[in-house]
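Q: Sequence first, then the predicted structure:
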Amino acid sequence: MTLKGWTNKTLTIAWLLLAALLGGSFYLLSYALSDSRDAAPQSVIHQVRLAVNPLMLYLEQHHEHIGTLEVQTELNRLATQREIGLAYVELDGSVSFSSNALPPLPQDNINRFLRYDMYSGLHNNGLFQIAFPVIDEGSLRQVGNAVYFLPEAQVFPAQSDYRPIVAFAAIMLVTLCLILLLIVMKRTIHTHFISPILELRLHVEAILKGNYEQQPSYASLNEMGALYSMFDQMRTEIMYLSMQRIQQEKAQKELITNISHEIKTPITTIKAYIDSILEGVCSDTETMLEYVEIMRTHTDKMARLVEDLLLQTLQDLGQITVEPREQYSREVLHKILKPIGHYVRTNELTYIGPQEIPNVLIYIDAIRIEQVISNLVSNALKHTPPSGSIRIDVQLEAGMLKVIIADTGSGIRPQDMPFVFERYFRGNPGSAPQRGTGLGLSICKTIIEAHGGTISFTSKHGEGTTFYFTLPLC
(Lines give C-alpha, C1' and ligand atoms only; values in the text may rest on other atoms or scores of the structure.)
Protein backbone atom coordinates (compact mmCIF):
# COMPACT_ATOMS: atom_id res chain seq x y z
CA MET A 1 0.00 0.00 0.00
CA THR A 2 1.22 3.48 -0.80
CA LEU A 3 1.90 5.97 1.98
CA LYS A 4 -0.86 8.22 0.65
CA GLY A 5 -3.37 5.36 0.66
CA TRP A 6 -2.29 4.26 4.13
CA THR A 7 -2.57 7.82 5.46
CA ASN A 8 -6.05 8.35 3.98
CA LYS A 9 -7.26 5.00 5.30
CA THR A 10 -5.83 5.61 8.78
CA LEU A 11 -7.28 9.12 9.00
CA THR A 12 -10.68 7.82 7.88
CA ILE A 13 -10.63 5.18 10.64
CA ALA A 14 -9.53 7.83 13.17
CA TRP A 15 -12.38 10.15 12.16
CA LEU A 16 -14.90 7.30 12.44
CA LEU A 17 -13.61 6.35 15.89
CA LEU A 18 -13.73 9.98 16.98
CA ALA A 19 -17.29 10.32 15.68
CA ALA A 20 -18.29 7.17 17.58
CA LEU A 21 -16.61 8.51 20.71
CA LEU A 22 -18.43 11.83 20.46
CA GLY A 23 -21.73 10.08 19.72
CA GLY A 24 -21.43 7.86 22.80
CA SER A 25 -20.46 10.83 24.95
CA PHE A 26 -23.48 12.85 23.80
CA TYR A 27 -25.72 9.85 24.43
CA LEU A 28 -24.50 9.50 28.02
CA LEU A 29 -24.86 13.25 28.51
CA SER A 30 -28.43 13.28 27.22
CA TYR A 31 -29.29 10.23 29.33
CA ALA A 32 -27.88 11.89 32.44
CA LEU A 33 -29.85 15.09 31.80
CA SER A 34 -33.13 13.35 31.04
CA ASP A 35 -35.56 11.48 33.35
CA SER A 36 -36.89 8.30 31.84
CA ARG A 37 -40.02 8.62 33.94
CA ASP A 38 -40.98 12.16 32.97
CA ALA A 39 -44.03 10.87 31.15
CA ALA A 40 -45.72 7.49 31.44
CA PRO A 41 -45.46 5.60 28.18
CA GLN A 42 -48.76 4.79 26.49
CA SER A 43 -48.13 1.09 27.08
CA VAL A 44 -48.04 1.74 30.86
CA ILE A 45 -51.48 3.47 30.69
CA HIS A 46 -52.87 0.45 28.88
CA GLN A 47 -51.42 -1.86 31.54
CA VAL A 48 -53.07 0.24 34.28
CA ARG A 49 -56.39 0.10 32.44
CA LEU A 50 -56.12 -3.68 32.21
CA ALA A 51 -55.27 -3.95 35.93
CA VAL A 52 -58.27 -1.88 37.09
CA ASN A 53 -60.73 -3.13 34.46
CA PRO A 54 -62.45 -5.74 36.73
CA LEU A 55 -62.92 -3.10 39.42
CA MET A 56 -64.27 -0.58 36.92
CA LEU A 57 -66.72 -3.13 35.52
CA TYR A 58 -67.95 -4.09 38.97
CA LEU A 59 -68.36 -0.43 39.97
CA GLU A 60 -70.35 0.42 36.85
CA GLN A 61 -72.70 -2.52 37.62
CA HIS A 62 -73.10 -1.99 41.39
CA HIS A 63 -72.47 1.73 42.05
CA GLU A 64 -76.05 2.13 43.27
CA HIS A 65 -75.33 -0.35 46.10
CA ILE A 66 -71.93 0.96 46.99
CA GLY A 67 -72.92 1.35 50.62
CA THR A 68 -73.86 -2.31 51.10
CA LEU A 69 -71.48 -4.66 52.86
CA GLU A 70 -71.62 -7.19 50.05
CA VAL A 71 -70.45 -4.72 47.39
CA GLN A 72 -67.71 -3.27 49.60
CA THR A 73 -66.47 -6.75 50.52
CA GLU A 74 -66.19 -7.70 46.85
CA LEU A 75 -64.41 -4.43 46.01
CA ASN A 76 -61.94 -5.02 48.85
CA ARG A 77 -61.31 -8.54 47.57
CA LEU A 78 -60.69 -7.38 44.00
CA ALA A 79 -58.42 -4.51 45.14
CA THR A 80 -56.43 -6.74 47.49
CA GLN A 81 -56.10 -9.42 44.81
CA ARG A 82 -54.52 -6.87 42.43
CA GLU A 83 -52.60 -4.96 45.14
CA ILE A 84 -54.43 -1.78 44.21
CA GLY A 85 -55.90 0.86 46.45
CA LEU A 86 -59.43 2.04 45.52
CA ALA A 87 -61.60 4.94 46.56
CA TYR A 88 -65.04 5.70 45.11
CA VAL A 89 -65.85 9.40 45.06
CA GLU A 90 -69.33 10.73 44.41
CA LEU A 91 -69.85 13.63 42.07
CA ASP A 92 -70.31 15.90 45.05
CA GLY A 93 -66.83 15.02 46.29
CA SER A 94 -67.81 12.69 49.11
CA VAL A 95 -65.99 9.39 49.51
CA SER A 96 -68.45 6.48 49.48
CA PHE A 97 -65.84 3.73 49.66
CA SER A 98 -62.14 3.27 50.27
CA SER A 99 -60.30 -0.01 50.30
CA ASN A 100 -58.79 -1.38 53.47
CA ALA A 101 -55.19 -0.71 52.35
CA LEU A 102 -55.72 3.01 51.96
CA PRO A 103 -55.12 5.56 54.68
CA PRO A 104 -57.99 7.87 55.56
CA LEU A 105 -58.82 10.35 52.78
CA PRO A 106 -59.84 13.98 53.19
CA GLN A 107 -63.60 14.45 53.16
CA ASP A 108 -63.80 18.07 52.00
CA ASN A 109 -64.55 17.86 48.29
CA ILE A 110 -61.84 15.42 47.25
CA ASN A 111 -62.69 16.17 43.61
CA ARG A 112 -60.09 18.93 43.80
CA PHE A 113 -57.36 16.35 44.28
CA LEU A 114 -58.37 14.03 41.48
CA ARG A 115 -55.69 13.38 38.83
CA TYR A 116 -56.46 11.90 35.46
CA ASP A 117 -52.80 11.53 34.49
CA MET A 118 -50.05 9.55 36.13
CA TYR A 119 -47.37 12.24 35.90
CA SER A 120 -49.04 14.52 38.46
CA GLY A 121 -50.48 11.66 40.57
CA LEU A 122 -47.30 10.60 42.39
CA HIS A 123 -47.86 10.62 46.19
CA ASN A 124 -45.18 11.05 48.79
CA ASN A 125 -45.67 7.48 49.96
CA GLY A 126 -44.65 6.13 46.57
CA LEU A 127 -48.17 5.47 45.24
CA PHE A 128 -49.39 6.68 41.89
CA GLN A 129 -52.92 8.08 41.86
CA ILE A 130 -55.12 8.03 38.80
CA ALA A 131 -58.86 8.62 38.49
CA PHE A 132 -61.27 7.08 36.02
CA PRO A 133 -64.88 8.28 35.62
CA VAL A 134 -67.58 5.71 36.48
CA ILE A 135 -70.38 5.59 33.84
CA ASP A 136 -73.81 4.21 34.50
CA GLU A 137 -74.59 1.39 32.08
CA GLY A 138 -78.19 2.38 31.59
CA SER A 139 -78.03 6.16 31.22
CA LEU A 140 -74.42 6.32 30.08
CA ARG A 141 -73.91 9.26 32.44
CA GLN A 142 -71.08 9.75 34.89
CA VAL A 143 -72.15 8.85 38.36
CA GLY A 144 -68.83 9.14 40.16
CA ASN A 145 -65.05 8.70 40.05
CA ALA A 146 -62.97 5.68 40.85
CA VAL A 147 -59.62 6.71 42.26
CA TYR A 148 -56.92 4.05 42.08
CA PHE A 149 -53.64 4.03 43.98
CA LEU A 150 -50.92 1.89 42.36
CA PRO A 151 -47.42 1.21 43.71
CA GLU A 152 -44.53 2.52 41.67
CA ALA A 153 -43.20 -1.00 41.07
CA GLN A 154 -46.49 -1.95 39.41
CA VAL A 155 -46.62 1.17 37.23
CA PHE A 156 -42.94 1.00 36.28
CA PRO A 157 -41.80 -2.60 36.60
CA ALA A 158 -38.24 -2.88 37.82
CA GLN A 159 -36.01 -3.24 34.75
CA SER A 160 -32.28 -3.44 34.40
CA ASP A 161 -31.32 -0.48 32.19
CA TYR A 162 -28.11 -1.71 30.62
CA ARG A 163 -27.95 0.98 27.91
CA PRO A 164 -25.66 3.39 29.82
CA ILE A 165 -23.33 0.47 30.65
CA VAL A 166 -23.20 -0.60 27.01
CA ALA A 167 -22.62 3.00 25.90
CA PHE A 168 -19.84 3.43 28.45
CA ALA A 169 -18.21 0.13 27.42
CA ALA A 170 -18.44 1.15 23.76
CA ILE A 171 -16.84 4.52 24.55
CA MET A 172 -14.01 2.80 26.41
CA LEU A 173 -13.48 0.36 23.53
CA VAL A 174 -13.47 3.14 20.94
CA THR A 175 -11.08 5.18 23.10
CA LEU A 176 -8.74 2.19 23.38
CA CYS A 177 -8.86 1.62 19.61
CA LEU A 178 -8.14 5.30 19.01
CA ILE A 179 -5.17 5.20 21.37
CA LEU A 180 -3.80 2.08 19.66
CA LEU A 181 -4.34 3.70 16.26
CA LEU A 182 -2.43 6.80 17.36
CA ILE A 183 0.44 4.62 18.63
CA VAL A 184 0.55 2.76 15.31
CA MET A 185 0.45 6.08 13.41
CA LYS A 186 3.31 7.45 15.51
CA ARG A 187 5.47 4.41 14.87
CA THR A 188 4.60 4.30 11.17
CA ILE A 189 5.28 8.01 10.69
CA HIS A 190 8.63 7.64 12.46
CA THR A 191 9.55 4.51 10.46
CA HIS A 192 8.33 5.55 7.01
CA PHE A 193 8.64 9.35 7.12
CA ILE A 194 10.94 10.81 9.77
CA SER A 195 13.73 8.18 9.71
CA PRO A 196 13.99 8.05 5.88
CA ILE A 197 14.05 11.86 5.69
CA LEU A 198 16.79 12.05 8.34
CA GLU A 199 18.76 9.40 6.45
CA LEU A 200 18.24 11.29 3.21
CA ARG A 201 19.54 14.42 4.92
CA LEU A 202 22.78 12.59 5.78
CA HIS A 203 23.19 11.62 2.13
CA VAL A 204 22.60 15.23 1.07
CA GLU A 205 25.28 16.40 3.49
CA ALA A 206 27.65 13.77 2.09
CA ILE A 207 27.02 15.00 -1.46
CA LEU A 208 27.63 18.60 -0.37
CA LYS A 209 30.99 17.45 1.01
CA GLY A 210 31.85 15.79 -2.31
CA ASN A 211 31.17 12.20 -1.27
CA TYR A 212 29.04 10.66 -4.03
CA GLU A 213 29.64 6.99 -3.21
CA GLN A 214 27.04 6.57 -0.47
CA GLN A 215 24.05 4.94 -2.14
CA PRO A 216 20.70 5.47 -0.38
CA SER A 217 18.34 2.51 -0.21
CA TYR A 218 14.68 2.13 0.75
CA ALA A 219 12.94 -1.23 0.68
CA SER A 220 9.26 -0.34 0.11
CA LEU A 221 7.90 0.53 -3.32
CA ASN A 222 5.87 3.57 -2.25
CA GLU A 223 6.19 7.33 -2.54
CA MET A 224 9.23 7.40 -0.25
CA GLY A 225 10.78 4.61 -2.30
CA ALA A 226 10.17 6.64 -5.46
CA LEU A 227 11.78 9.67 -3.78
CA TYR A 228 14.82 7.58 -2.84
CA SER A 229 15.05 6.25 -6.38
CA MET A 230 14.93 9.76 -7.85
CA PHE A 231 17.47 10.96 -5.29
CA ASP A 232 19.82 8.10 -6.18
CA GLN A 233 19.42 8.93 -9.87
CA MET A 234 20.24 12.56 -9.09
CA ARG A 235 23.26 11.42 -7.04
CA THR A 236 24.46 9.30 -9.95
CA GLU A 237 24.07 12.18 -12.39
CA ILE A 238 25.88 14.57 -10.04
CA MET A 239 28.65 12.00 -9.58
CA TYR A 240 28.88 11.58 -13.34
CA LEU A 241 28.96 15.34 -13.92
CA SER A 242 31.61 15.73 -11.21
CA MET A 243 33.75 13.01 -12.75
CA GLN A 244 33.21 14.54 -16.18
CA ARG A 245 34.21 17.96 -14.86
CA ILE A 246 37.35 16.50 -13.27
CA GLN A 247 38.22 14.68 -16.48
CA GLN A 248 37.53 17.80 -18.51
CA GLU A 249 39.75 19.89 -16.29
CA LYS A 250 42.46 17.25 -16.59
CA ALA A 251 41.98 17.09 -20.35
CA GLN A 252 42.16 20.88 -20.62
CA LYS A 253 45.43 20.88 -18.71
CA GLU A 254 46.74 18.16 -21.00
CA LEU A 255 45.46 20.15 -24.00
CA ILE A 256 47.39 23.22 -22.94
CA THR A 257 50.48 21.08 -22.39
CA ASN A 258 50.09 19.33 -25.76
CA ILE A 259 49.41 22.53 -27.69
CA SER A 260 52.37 24.19 -26.00
CA HIS A 261 54.52 21.26 -27.08
CA GLU A 262 52.99 21.11 -30.56
CA ILE A 263 53.50 24.83 -31.13
CA LYS A 264 56.97 24.89 -29.61
CA THR A 265 58.32 22.36 -32.15
CA PRO A 266 57.32 24.25 -35.34
CA ILE A 267 58.35 27.57 -33.82
CA THR A 268 61.77 26.13 -33.01
CA THR A 269 62.01 24.69 -36.52
CA ILE A 270 60.96 27.94 -38.21
CA LYS A 271 63.40 29.93 -36.06
CA ALA A 272 66.21 27.53 -36.98
CA TYR A 273 65.53 27.88 -40.73
CA ILE A 274 65.25 31.68 -40.44
CA ASP A 275 68.59 31.79 -38.63
CA SER A 276 70.09 29.61 -41.36
CA ILE A 277 68.81 31.95 -44.05
CA LEU A 278 70.10 35.00 -42.20
CA GLU A 279 73.52 33.36 -41.77
CA GLY A 280 73.73 32.77 -45.52
CA VAL A 281 73.53 28.99 -45.41
CA CYS A 282 71.20 29.01 -48.43
CA SER A 283 73.60 29.33 -51.35
CA ASP A 284 71.01 29.11 -54.11
CA THR A 285 67.38 29.85 -54.85
CA GLU A 286 66.33 26.20 -54.84
CA THR A 287 67.55 25.70 -51.26
CA MET A 288 65.91 28.97 -50.24
CA LEU A 289 62.56 27.80 -51.65
CA GLU A 290 62.95 24.47 -49.91
CA TYR A 291 63.49 26.22 -46.59
CA VAL A 292 60.49 28.47 -47.20
CA GLU A 293 58.32 25.44 -48.00
CA ILE A 294 59.32 23.78 -44.74
CA MET A 295 58.57 26.96 -42.79
CA ARG A 296 55.17 27.25 -44.49
CA THR A 297 54.34 23.66 -43.55
CA HIS A 298 55.12 24.33 -39.88
CA THR A 299 53.25 27.63 -40.03
CA ASP A 300 50.17 25.82 -41.37
CA LYS A 301 50.48 23.32 -38.54
CA MET A 302 50.52 26.12 -35.95
CA ALA A 303 47.59 27.80 -37.66
CA ARG A 304 45.55 24.59 -37.45
CA LEU A 305 46.41 24.20 -33.78
CA VAL A 306 45.36 27.77 -33.02
CA GLU A 307 42.17 27.32 -35.08
CA ASP A 308 41.29 24.12 -33.20
CA LEU A 309 41.88 25.85 -29.90
CA LEU A 310 39.68 28.78 -30.95
CA LEU A 311 36.90 26.47 -32.16
CA GLN A 312 37.07 24.51 -28.92
CA THR A 313 36.62 27.71 -26.93
CA LEU A 314 33.71 28.77 -29.14
CA GLN A 315 32.22 25.31 -28.76
CA ASP A 316 32.33 25.62 -24.98
CA LEU A 317 30.54 28.94 -25.27
CA GLY A 318 28.08 27.59 -27.85
CA GLN A 319 29.25 30.22 -30.33
CA ILE A 320 30.63 28.26 -33.28
CA THR A 321 29.23 30.35 -36.11
CA VAL A 322 27.98 28.56 -39.21
CA GLU A 323 26.82 30.82 -42.02
CA PRO A 324 25.59 28.56 -44.84
CA ARG A 325 24.37 29.79 -48.20
CA GLU A 326 23.12 28.15 -51.35
CA GLN A 327 25.96 26.86 -53.54
CA TYR A 328 26.46 24.19 -56.17
CA SER A 329 28.29 21.22 -54.72
CA ARG A 330 30.66 20.49 -57.61
CA GLU A 331 32.32 23.88 -57.65
CA VAL A 332 32.67 24.35 -53.90
CA LEU A 333 33.90 20.78 -53.18
CA HIS A 334 36.34 20.90 -56.08
CA LYS A 335 37.96 24.00 -54.56
CA ILE A 336 38.18 22.27 -51.16
CA LEU A 337 39.50 18.91 -52.35
CA LYS A 338 42.15 20.14 -54.83
CA PRO A 339 44.69 21.41 -52.23
CA ILE A 340 43.89 18.48 -49.94
CA GLY A 341 44.93 16.02 -52.66
CA HIS A 342 48.23 17.82 -53.04
CA TYR A 343 48.70 17.83 -49.25
CA VAL A 344 48.13 14.06 -49.05
CA ARG A 345 50.62 13.34 -51.82
CA THR A 346 53.30 15.48 -50.17
CA ASN A 347 53.02 13.15 -47.16
CA GLU A 348 54.00 10.18 -49.37
CA LEU A 349 50.49 8.66 -49.41
CA THR A 350 48.30 7.75 -52.35
CA TYR A 351 45.34 10.07 -52.86
CA ILE A 352 42.20 8.74 -54.60
CA GLY A 353 39.79 11.57 -55.38
CA PRO A 354 36.15 11.38 -56.46
CA GLN A 355 35.60 10.36 -60.08
CA GLU A 356 32.68 12.75 -60.35
CA ILE A 357 31.17 15.23 -57.92
CA PRO A 358 27.35 15.47 -58.21
CA ASN A 359 26.38 19.02 -59.14
CA VAL A 360 23.46 19.75 -56.80
CA LEU A 361 22.37 22.82 -54.88
CA ILE A 362 23.29 22.57 -51.21
CA TYR A 363 23.11 24.88 -48.22
CA ILE A 364 26.72 25.07 -47.04
CA ASP A 365 29.29 27.15 -45.18
CA ALA A 366 32.30 26.38 -47.35
CA ILE A 367 34.86 27.51 -44.76
CA ARG A 368 33.43 25.27 -42.03
CA ILE A 369 33.06 22.25 -44.36
CA GLU A 370 36.68 22.74 -45.43
CA GLN A 371 37.62 22.58 -41.75
CA VAL A 372 35.69 19.32 -41.38
CA ILE A 373 37.35 17.68 -44.40
CA SER A 374 40.79 18.99 -43.41
CA ASN A 375 40.38 17.62 -39.87
CA LEU A 376 39.26 14.21 -41.12
CA VAL A 377 42.11 14.03 -43.65
CA SER A 378 44.66 15.20 -41.05
CA ASN A 379 43.37 12.56 -38.65
CA ALA A 380 43.73 9.93 -41.38
CA LEU A 381 47.29 11.05 -42.12
CA LYS A 382 48.24 10.59 -38.45
CA HIS A 383 47.16 6.95 -38.46
CA THR A 384 48.08 5.89 -41.99
CA PRO A 385 51.67 4.68 -42.55
CA PRO A 386 53.69 5.60 -45.67
CA SER A 387 52.62 3.77 -48.84
CA GLY A 388 49.05 3.80 -47.57
CA SER A 389 46.16 5.58 -49.28
CA ILE A 390 43.39 8.05 -48.55
CA ARG A 391 40.23 7.97 -50.65
CA ILE A 392 37.60 10.73 -50.90
CA ASP A 393 34.29 10.18 -52.65
CA VAL A 394 31.08 12.20 -53.02
CA GLN A 395 27.67 10.57 -53.62
CA LEU A 396 23.98 11.36 -53.67
CA GLU A 397 22.02 9.24 -51.23
CA ALA A 398 18.40 9.57 -50.03
CA GLY A 399 18.12 13.28 -50.71
CA MET A 400 21.46 14.04 -49.04
CA LEU A 401 24.94 14.72 -50.34
CA LYS A 402 27.27 12.16 -48.77
CA VAL A 403 31.03 12.75 -48.43
CA ILE A 404 33.25 9.70 -47.76
CA ILE A 405 36.82 9.85 -46.43
CA ALA A 406 38.53 6.46 -46.13
CA ASP A 407 42.06 5.49 -45.17
CA THR A 408 44.09 2.30 -44.94
CA GLY A 409 45.57 3.14 -41.57
CA SER A 410 45.64 1.38 -38.22
CA GLY A 411 41.91 1.77 -37.61
CA ILE A 412 40.16 2.38 -34.32
CA ARG A 413 40.14 -0.09 -31.48
CA PRO A 414 36.64 -1.39 -30.58
CA GLN A 415 36.89 -0.08 -27.01
CA ASP A 416 37.66 3.42 -28.33
CA MET A 417 34.80 3.64 -30.83
CA PRO A 418 32.08 4.99 -28.48
CA PHE A 419 34.29 7.96 -27.54
CA VAL A 420 35.84 9.17 -30.78
CA PHE A 421 33.54 12.23 -31.07
CA GLU A 422 34.10 13.33 -27.45
CA ARG A 423 36.31 16.29 -26.81
CA TYR A 424 39.89 15.62 -25.68
CA PHE A 425 39.64 11.92 -26.48
CA ARG A 426 42.94 10.76 -27.98
CA GLY A 427 42.74 6.97 -27.58
CA ASN A 428 43.38 4.79 -24.57
CA PRO A 429 46.89 4.50 -23.14
CA GLY A 430 48.78 1.56 -24.55
CA SER A 431 47.46 2.01 -28.07
CA ALA A 432 49.34 3.67 -30.92
CA PRO A 433 51.23 6.86 -30.08
CA GLN A 434 48.73 9.55 -29.25
CA ARG A 435 49.00 12.70 -31.27
CA GLY A 436 46.87 15.80 -31.64
CA THR A 437 44.60 17.64 -29.23
CA GLY A 438 41.55 15.39 -29.30
CA LEU A 439 39.37 18.27 -30.51
CA GLY A 440 39.14 17.63 -34.25
CA LEU A 441 36.34 15.05 -34.40
CA SER A 442 34.28 16.85 -31.76
CA ILE A 443 34.51 20.07 -33.81
CA CYS A 444 33.58 18.15 -37.00
CA LYS A 445 30.47 16.76 -35.33
CA THR A 446 29.39 20.20 -34.12
CA ILE A 447 29.82 21.78 -37.59
CA ILE A 448 28.01 18.99 -39.47
CA GLU A 449 25.07 18.97 -37.05
CA ALA A 450 24.85 22.77 -37.39
CA HIS A 451 24.34 22.17 -41.14
CA GLY A 452 21.52 19.71 -40.39
CA GLY A 453 23.58 16.68 -41.37
CA THR A 454 25.05 13.65 -39.63
CA ILE A 455 28.52 12.20 -39.24
CA SER A 456 29.48 8.58 -38.55
CA PHE A 457 32.25 6.08 -39.21
CA THR A 458 33.12 2.44 -39.67
CA SER A 459 36.46 0.99 -38.72
CA LYS A 460 38.30 -2.28 -38.30
CA HIS A 461 41.37 -2.28 -36.16
CA GLY A 462 44.47 -2.72 -38.29
CA GLU A 463 42.63 -2.31 -41.62
CA GLY A 464 41.56 1.33 -41.79
CA THR A 465 38.71 3.74 -41.06
CA THR A 466 35.98 5.32 -43.16
CA PHE A 467 34.18 8.50 -42.10
CA TYR A 468 30.86 9.59 -43.62
CA PHE A 469 29.09 12.91 -43.31
CA THR A 470 25.94 14.12 -45.03
CA LEU A 471 24.71 17.56 -46.09
CA PRO A 472 21.04 18.23 -46.88
CA LEU A 473 20.05 19.41 -50.35
CA CYS A 474 18.23 22.66 -50.90
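A: That came through, no problem. Being a predicted model, the structure only gives us computed values, none of them experimental. Numbering: from 1, shown residues only.
Q: Select the longest helix from the protein.
A: Of all the elements of type helix in the chain, the one with the most residues (DSSP state H) is helix 223-278.
Q: Show me where the protein has its strands.
A: Here the chain has its strands, by DSSP state E, at 85-90, 95-98, 127-135, 142-151, 325-328, 350-352, 361-364, 389-397, 400-407, 455-460, 464-472.
Q: distance of the spatially most central residue of the chain from residue 7?
A: The centre of the chain sits closest to residue 223, judged by C-alpha atoms, centre = their mean, with a distance of 5.7 Å. Distance from residue 223 to residue 7, counting by C-beta to C-beta, to the nearest Å: 10 Å. In short, each C-beta sits where N, CA and C put it, glycine included.
Q: Kindly report the same for residue 286.
A: Residue 286 is 93 Å from residue 7, by C-beta to C-beta.
Q: more neighbours, those two?
A: Taking other C-beta atoms under 10 Å, residue 286 and residue 7 do not tie; residue 7 has more neighbours (17 against 9).
Q: Report pLDDT for that one.
A: For residue 7, the pLDDT comes out at 76.
Q: try the one 10 residues further on
A: Predicted confidence (pLDDT) at residue 17: the value is 83.
Q: Now for the residue nearest to it when sequence neighbours are not counted: which residues touch it?
A: Nearest residue to residue 17 in three dimensions, chain neighbours excluded: residue 178, at 4.6 Å (C-beta to C-beta, 6 or more residues apart in numbering). By C-beta atoms under 8 Å, 6 or more residues apart in numbering, the contact list for residue 178 reads 14, 17, 18, 21.
Q: Over to residue 402?
A: When contacts are counted by C-beta under 8 Å, 6+ apart, residue 402 touches 394, 395, 396, 468, 469, 470.
Q: what's the spacing between it and residue 384?
A: Residue 402 is 22 Å from residue 384, where distance means C-beta to C-beta.
Q: one step back: right, and the residue nearest to the centre of the chain touches residue 4 too?
A: Yes: the criterion here is C-beta atoms under 8 Å, and residue 223 meets it with residue 4 at 6.3 Å.
Q: Helices along this protein, start to end?
A: 3-33, 42-62, 69-81, 152-155, 163-189, 195-208, 223-278, 285-317, 329-346, 366-383, 440-450.
Q: Run the chain-centre distance for stretch 180-187.
A: In terms of C-alpha atoms, centre = their mean, to the nearest Å, the centre of stretch 180-187 is found 24 Å from the chain centre.
Q: Give me the average confidence score over it.
A: The average of the pLDDT scores along stretch 180-187 is 85.
Q: in it, what counts as buried?
A: residue 185 (16 or more other C-beta atoms under 10 Å).
Q: again, but for stretch 202-215
A: With burial defined by 16+ other C-beta under 10 Å, the residues of stretch 202-215 counted as buried are 203, 207, 212.
Q: tell me the average confidence for it?
A: Average pLDDT, stretch 202-215: 84.
Q: which residues touch it?
A: Contacts for stretch 202-215 (C-beta under 8 Å, 6+ apart): 216, 231, 232, 235, 238, 239, 242.
Q: Mark which of the residues you listed are buried, thanks.
A: Applying 16+ other C-beta under 10 Å to those, the neighbour count classes 216, 231, 232, 235 as buried.
Q: Among the buried residues of stretch 202-215, which one sits closest to residue 93?
A: Set against residue 93, the nearest of the buried residues of stretch 202-215 by C-beta to C-beta is residue 203 (99.8 Å).
Q: Quick check: the closest one vs residue 138, distance?
A: 107 Å.
Q: Next: residue 96.
A: Using C-beta to C-beta, residue 96 is found at 19 Å from residue 138.
Q: Who has more neighbours out of those two?
A: The neighbour count for residue 96 versus residue 138, taken as other C-beta under 10 Å, is higher for residue 96 (14 against 6).
Q: got the contact list for that one?
A: Residue 96 makes contact with 66, 67, 88, 89, 90, 144 under the criterion C-beta under 8 Å, 6+ apart.
Q: Closest to residue 334 out of those residues?
A: residue 89 (144.0 Å).
Q: Quick check: beta-bridge partners of the closest one?
A: residue 95, residue 145 (DSSP bridges).
Q: which regions of this structure lie under the pLDDT threshold?
A: Within the chain, the stretches with pLDDT under 70 are 1-3, 32-44, 103-126, 153-161, 251-252, 254-259, 261-262, 307-320, 423-439.
Q: pretty sure residue 410 is touching residue 380, no?
A: No: at 10.5 Å, residue 410 and residue 380 do not qualify as touching, with contact defined as C-beta under 8 Å.
Q: Of these two, which one has the most company?
A: Taking other C-beta under 10 Å, residue 410 and residue 380 do not tie; residue 380 has more neighbours (25 against 19).
Q: list the contacts for that one?
A: 390, 405, 407, 409, 465.
Q: could you redo the last one with a cut-off of 10 Å?
A: By C-beta atoms under 10 Å, 6 or more residues apart in numbering, the contact list for residue 380 reads 344, 349, 388-392, 405-409, 464-467.
Q: Please report the distance of it from residue 361.
A: The value you get for residue 380 to residue 361, if C-beta to C-beta is used, is 29 Å.
Q: what's the answer for residue 396, then?
A: Taking C-beta to C-beta, one finds residue 396 at 12 Å from residue 361.
Q: what do those two both touch?
A: Taking C-beta under 10 Å, 6+ apart as the contact rule, residue 396 and residue 361 both touch 329, 473.
Q: how much does the longest helix of the chain deviate in direction from helix 195-208?
A: With axes from the mean of the first three to the mean of the last three C-alpha atoms, to 10 degrees as the basis, helix 223-278 and helix 195-208 are set at 10 degrees to each other.
Q: for helix 223-278, packing partners?
A: If you count contacts as 3 or more C-beta pairs under 10 Å, 6 or more residues apart in numbering; DSSP states H and E, helix 223-278 packs onto helix 3-33, helix 195-208, helix 285-317.
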